[in-house]
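A.B. asks: below are the sequence and a predicted model for it; my questions follow.
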Amino acid sequence: MPITDKFNDMGVIIMGKIQAGLVKVGDKMIIAPIDLKCTVSEIEKHGERSQFCEPGDNVKIKVSGVQDDWEQIESGFMLCPVKYPIPHSTTIDAELDIIEYKSIICPGFSCVLHVHSIVEDVTITHLIAIKDKKTGQPVKGPVKFVREGQTVFARLKVARPICVETYEDFDQFGRFMLRDEGKTLGMGIIKRVVDKK
């Protein structure tokens, strides 16, 4: 579950929408990427207490064991089972469609990354290859810039670890948008989580 909000009211409560799996009262969980272990002590969905929640449920979950560290929890962090922590990294390789941008985009270009509940500043560090529109295959050779209407394979870097998956492994956590000055300049899918933890 991507965490959208948190507060402390007779215990730490995190909010979000369950994306995968079944969460039950008593489950041992971890909050990534800060590896904060916790236990689910209460679940509230549709304004009522419940013993479990499942994909599609908007929930408030009271967690125990994080009282001293609850202020570290931020929007975009992920609640996941201890056995199956989500990968997190500062670097991703992606296939990116440039939808709307009047100028050219070169390595070093910075904008804002939106993926599930994460909003982070991001830098395009490498343009790996342009995608051929007819074949769908990458065209080898150095790529100095990319412009509107092109699809590029690129490496993106954020300042701190984010919780994401490849599009192939879990599409909801592998799709993203790039925005700049209030406009969506590109949309993409994550092909690889580089140096994942």
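C.D. replies: The structure has been received and is ready for your questions. Residues are numbered from 1 along each chain as shown.
A.B. asks: and the helix or strand of the chain with the lowest mean pLDDT, how far out from the chain's middle?
C.D. replies: Ranked by mean pLDDT, DSSP states H and E, the helix or strand of the chain with the weakest confidence is strand 138-139, at a mean of 86. Counting by Cα atoms, centre = their mean, to the nearest Å, strand 138-139 is centred 26 Å from the centre of its parent chain.
A.B. asks: can you tell me what sits against that strand?
C.D. replies: By Cβ atoms under 8 Å, 6 or more residues apart in numbering, the residues outside strand 138-139 that reach it are 128-132, 153. Where you see a C-beta, it was placed from the backbone N, CA and C, and this is true even at glycine.
A.B. asks: show me the two of these that sit farthest apart.
C.D. replies: Within these, I128 and D132 form the most distant pair, 13.7 Å apart (Cβ to Cβ).
A.B. asks: who has more neighbours out of the two?
C.D. replies: Shown here are I128 and D132; by other Cβ atoms under 10 Å, I128 has more neighbours (16 against 11).
A.B. asks: list the contacts of the more buried one.
C.D. replies: Counted by Cβ under 8 Å, 6+ apart, I128 has contacts 93, 138, 143, 152-155.
A.B. asks: if we go to 7 Å?
C.D. replies: 143, 153-155 (Cβ atoms under 7 Å, 6 or more residues apart in numbering).
A.B. asks: over to it. Which of the three states is it?
C.D. replies: strand (DSSP: H, G, I helix; E, B strand; the rest coil).
A.B. asks: burial check on T151, number of neighbours?
C.D. replies: Around T151 there are 19 residues (other Cβ under 10 Å).
A.B. asks: ok, and the closest non-adjacent residue to it?
C.D. replies: K131 (3.9 Å; Cβ to Cβ, 6 or more residues apart in numbering).
A.B. asks: return the residues in contact with the one you found.
C.D. replies: With the criterion set at Cβ under 7 Å, 6+ apart, K131 makes contact with 95, 138, 151-153.
A.B. asks: for M78, same thing?
C.D. replies: Counting by Cβ under 7 Å, 6+ apart, M78 has contacts 1-3, 32, 86, 163.
A.B. asks: out of the residues you listed, which sit inside helices?
C.D. replies: Among the contacts of M78, DSSP state H puts none in helices.
A.B. asks: which neighbouring elements make contact with the helix or strand harbouring L156?
C.D. replies: If you go by DSSP states H and E, L156 is part of strand 151-163. Counting by 3 or more Cβ pairs under 7 Å, 6 or more residues apart in numbering; DSSP states H and E, the packing neighbours recorded for strand 151-163 are strand 88-98, strand 118-131.
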